[in-house]
Each structure stands twice: as C-alpha cells, then as structure tokens.
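Engineer: Just need the structure, nothing else, for what follows:
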Amino acid sequence: MKRSLATAVVILALMSCGSGDSAEEQTAADTLTRAQKDSIVSDLPIPGAGGVGAAMRARDAANSRTDRHDTIR
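Structural biologist: Below is the predicted model of the structure:
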C-alpha cells in the first residue's frame, strides 16, 4: 500500500513539472485567440462543428445589434 501511494505521488509530481517544450513552441501555440481557434474548429468535419460556427455568427450578430443600439441618440 505504501509503495503504490509513493509511486502515485512521484508520478503526480513528475506530471506537474511540465512538458519540457521550449518557450518558443509554447508561445507559438498560444498566439491564436479564442475566436481564431473557434473559427478553425467550425471548419473541421467533426460532429458539432456547425454549431460552433452558428454560435459565432449569433455572437457577431448580437455584437452588431449592440453597436447599432449604442450609436442611437
């Protein structure tokens, strides 16, 4: 029991240390915004991708209505 607990603790400690990737590789993946990632997902041939695109269009339409409403005097 103690041996398996110690092994689990060591594995968890090693997993929390990070992947060892260089900083350049990590920043390249982090440069995409959430909207850009969602746009990529909406073009993929996977279930639910169309829903992501529809949600993005609905968000854009709502933002457009809000902008028009804010300009009314």
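Engineer: Where is the longest helix in the chain?
Structural biologist: If you go by DSSP state H, the chain has its longest helix at helix 49-71.
Engineer: List the contacts of it.
Structural biologist: Helix 49-71 is contacted by residues 35, 38-39, 41-43 when judged by Cβ atoms under 8 Å, 6 or more residues apart in numbering. (Each C-beta comes from the backbone N, C-alpha and C, glycine too.)
Engineer: For ChimeraX, what selects the buried ones among those residues?
Structural biologist: This is the ChimeraX syntax for the buried subset of the contacts of helix 49-71, where burial follows 16 or more other Cβ atoms under 10 Å:
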select :38,42
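Engineer: Of the contacts of helix 49-71, which belong to helices?
Structural biologist: Reading helices off the contacts of helix 49-71 with DSSP H, I get 35, 38-39, 41-42.
Engineer: Among the contacts of helix 49-71, which one lies nearest to residue 72?
Structural biologist: residue 35 (26.5 Å; Cβ to Cβ).
Engineer: re the thing from before, averaged pLDDT, the longest helix of the chain. What do you get?
Structural biologist: For helix 49-71, mean pLDDT is 93.
Engineer: Would you mark the buried spots in it?
Structural biologist: residue 52.
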